[in-house]
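1. structure for the following, please:
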Amino acid sequence: MTGMRKATVKLGVVCGAAAVAAAGLMAPVASAAPAGHEVRYTLSVGGPATFDLLYLVNQPANKAAYNADAYSYLKRETVTVAPDAPWVFTTTLADPQWAIFTVSSTTHGGQAAPDSTCDIAVDGQSAAHQTAPYNVQCQLGQW
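-> Next up is the predicted model:
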C-alpha cells in the first residue's frame, strides 16, 4: 500500500505542476493588449464612376517621419465604383487619428455627377463622413 500511496502522491505533484505551467503559459495571451484599432475606408456612389484614391495604410511614428517619406505610409490607386458595389479597405492603426481618405472623381464632361460618399469607421463606428457631387475627403485629428 505504501508503494501505491507514493505513486499517487508523485502523480498528483506532476499533474499539479503541469496545471500551474499551463496556466502560466495562457496568462500572457489573455492579458495581451490589442494591436490597434480597425480603420475601414469606404467609398460609395450614386452612379458608376472612376476615382483616384489616396489613403493612409501604415501609421508613421510621428509627423516628421510622415513628412520625410509620406508615400511609404500612403497608398494611391485608381478604382471604378458602382452603386451596388462600394469600395472598402481595412487596416489597423495604433492611433486612428492618423486616418485620411481623399477621393477625386475622374468624371469628364457629359457624365452625370457620381455623388460620392467617403466614410472612415474606427472599430465599427463611423468617425468621419462626407458626401459631395464629385470629390470628397474624410480625415481624422492628425490632419
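
2. please work out which residues outside the strand or helix carrying Cys138 touch it.
-> Assessed by DSSP states H and E, Cys138 sits inside strand 136-139. With contacts defined as CB atoms under 8 Å, 6 or more residues apart in numbering, strand 136-139 is touched by 41, 43, 99-103, 116-120, 128-130. Heads up, the C-betas are built off the backbone N, CA and C, glycines and all.

3. enumerate every residue touching Leu53.
-> Each residue near Leu53 by CB under 8 Å, 6+ apart is listed here: 43, 75-79, 87, 101-104.

4. can you check those residues and name whichever has the most neighbours?
-> Most neighbours among the contacts of Leu53, by other CB atoms under 10 Å: Val103, with 26 neighbours.

5. residue boundaries of the strands in the chain?
-> Using DSSP state E, the strands of the chain run over residues 37-44, 49-56, 74-81, 87-93, 100-105, 116-122, 125-132, 136-139.

6. reformat those as a markdown table; add distance to Ala65 and mean pLDDT.
-> Shown next, in a markdown table, are these (distance: least, CB to CB, whole Å; pLDDT from 0 to 100):
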| stretch | distance to Ala65 | mean pLDDT |
| --- | --- | --- |
| strand 37-44 | 18 | 98 |
| strand 49-56 | 13 | 98 |
| strand 74-81 | 13 | 98 |
| strand 87-93 | 14 | 98 |
| strand 100-105 | 15 | 98 |
| strand 116-122 | 21 | 98 |
| strand 125-132 | 23 | 98 |
| strand 136-139 | 18 | 98 |
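
7. returning to what we had before: which pair of the contacts of strand 136-139 spans the longest distance?
-> With CB to CB as the measure, no two of the contacts of strand 136-139 lie farther apart than Ala99 and Ser116, at 17.5 Å.

8. still on that earlier bit, turn the strands of the chain into TSV, columns for distance to Ala64.
-> Listed next are the strands of the chain as TSV, based on distance: least, CB to CB, whole Å:
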stretch	distance to Ala64
strand 37-44	22
strand 49-56	16
strand 74-81	16
strand 87-93	18
strand 100-105	17
strand 116-122	24
strand 125-132	24
strand 136-139	19
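
9. out of those strands, which comes closest to Asn67?
-> Distance to Asn67, taken as CB to CB, is lowest for strand 74-81 among the strands of the chain, at 12.2 Å.
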